[in-house]
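Q: One predicted model, sequence on top.
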Amino acid sequence: MKHLITAATLAAICLAGCALNPLAGGGAFSSDTARAYIYTPEEQAAMTAQGTIPTMTSPSEIRERLANAGKETKPTGEVNYCDAGLASLIQARRDEALTAIAAACGGPDQYQVRHEGPGNVKARYAGNIKLTPGCTRSKVIIFRCNGVQPKPEMRK
């Protein structure tokens, strides 16, 4: 009986810790909105003004792209956030993502959102076991800074 009470107490402490800090240990409520990812010039060259990769284009789209060559501005970068959970948590994550964009661009009025939609779900599985913690409903905000464009962080 004593072991049962001890196990129940430990389980309650662990669950209370997770409930108090849902971001602990990169859990299911975490997102990578601490920093905005800035595109490299090579990445910018391969995308449209909305931040997508051109795939199937109609002849009218090709004509428009040739007419606007050099005139359209490419997006600066992107921020991913988790779109799963309670509405208040989702809104807090989105606000955190917009704050990260504002920090990268130099202020809250120094950017424009080009696209917001489904993001990259980066999860690895071994059979039916998920190896990476994180969100299964990611959203991405693709943005363009209005003023000076920040430099991408080159990873080695």
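A: Arrived safely, thanks for sending.
Q: If you count neighbours, what's buried in the strand or helix carrying Y81?
A: Element membership for Y81, per DSSP states H and E: strand 77-82. Buried positions in strand 77-82, judged by neighbour count with 16 or more other Cβ atoms under 10 Å: G77, E78, V79, N80, Y81, C82. (Each C-beta comes from the backbone N, C-alpha and C, glycine too.)
Q: List the residues that contact I90.
A: C82, D83, A84 (Cβ atoms under 8 Å, 6 or more residues apart in numbering).
Q: would it count as being in a helix?
A: Yes. Counting by DSSP: H, G, I helix; E, B strand; the rest coil, I90 is part of a helix.
Q: Check what pLDDT it gets.
A: The score at I90 is 90. That number is its pLDDT.
Q: before we move on, the earlier item: name the nearest of the buried residues of strand 77-82 relative to N146.
A: Of all those, G77 has the smallest distance to N146: 13.3 Å, by Cβ to Cβ.
Q: Look at the residue lying closest to that closest one once chain neighbours are set aside and report its pLDDT.
A: Nearest non-adjacent residue to G77, counting by Cβ to Cβ, 6 or more residues apart in numbering: I38, 4.1 Å away. Looking at I38, its pLDDT stands at 90.
Q: Kindly report the same for M56.
A: At M56, pLDDT is 69.
Q: go on, G77?
A: For G77, pLDDT reads 92.
Q: Now do the helices for this protein: every range, in order, please.
A: 2-20, 41-45, 59-67, 87-105 (DSSP state H).
Q: Select from the ones you listed the stretch with the lowest mean pLDDT.
A: helix 2-20 has the lowest average pLDDT among those, namely a mean of 53.
Q: circling back: how about the buried residues of strand 77-82 in TSV, adding distance to I53?
A: Shown next, in TSV, are these (distance: Cβ to Cβ, whole Å):
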residue	distance to I53
G77	16
E78	13
V79	18
N80	17
Y81	21
C82	23
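Q: which one of those residues sits closest to E96?
A: Y81 (6.8 Å).
Q: just to revisit the earlier point, ok, the strand holding Y81: who's next to it in the sheet?
A: strand 37-38 (antiparallel), strand 138-145 (antiparallel) (DSSP bridges).
Q: Nice, that's everything, thank you.
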